[in-house]
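Q: sharing a sequence plus its predicted fold:
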Amino acid sequence: MNKHIQIREIPESVHRALKARAAEEGLSMSDYLKRLIESDLRRPRWGEIRATMGTLTPIELPETTAAMIRRERDRR
């Protein structure tokens, strides 16, 4: 069963920007906002990202990142 969400007290400038973006996409504001919410929910949460990063093996670099950056800048 579908549910309804109501958001109150949106600043006029935000409302105008959302309406304009929805129109650019050829969507109603409701459909545009649903797409934004669905897109956000597909992203991993920070806790999931941190947990994944905690399982990764550190990479051994042949030189410091500062030295790499300096070398690349000196090439220009």
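A: It's in. Only a predicted model underlies this, so the values are computations on that prediction, with no experimental measurement involved.

Q: contacts for stretch 68-76, please.
A: Here stretch 68-76 makes contact (CB atoms under 8 Å, 6 or more residues apart in numbering) with 61, 63. Every residue, glycine included, has its C-beta placed from N, CA and C.

Q: using CSV, list the CA coordinates for that stretch.
A: This file holds the C-alpha atoms of stretch 68-76, laid out as CSV (Å, rounded to 0.1, in the frame of the first residue of the first chain):
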residue,chain,number,x,y,z
MET,A,68,53.6,11.7,-5.8
ILE,A,69,51.8,15.0,-6.0
ARG,A,70,55.0,17.0,-6.1
ARG,A,71,56.3,14.7,-8.9
GLU,A,72,53.1,15.2,-11.0
ARG,A,73,53.2,19.0,-10.4
ASP,A,74,56.8,19.2,-11.5
ARG,A,75,56.0,17.4,-14.8
ARG,A,76,53.8,20.3,-15.8
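
Q: do you know the pLDDT at Met1?
A: Met1 is assigned a predicted lDDT (pLDDT) of 88.

Q: that one: how many residues sit nearby?
A: 2 (other CB atoms under 10 Å).

Q: try Tyr32
A: Quick note: Tyr32 (other CB under 10 Å) scores 18 neighbours.

Q: list the contacts for it?
A: Neighbouring residues of Tyr32 by CB under 8 Å, 6+ apart: 18, 21-22, 25.
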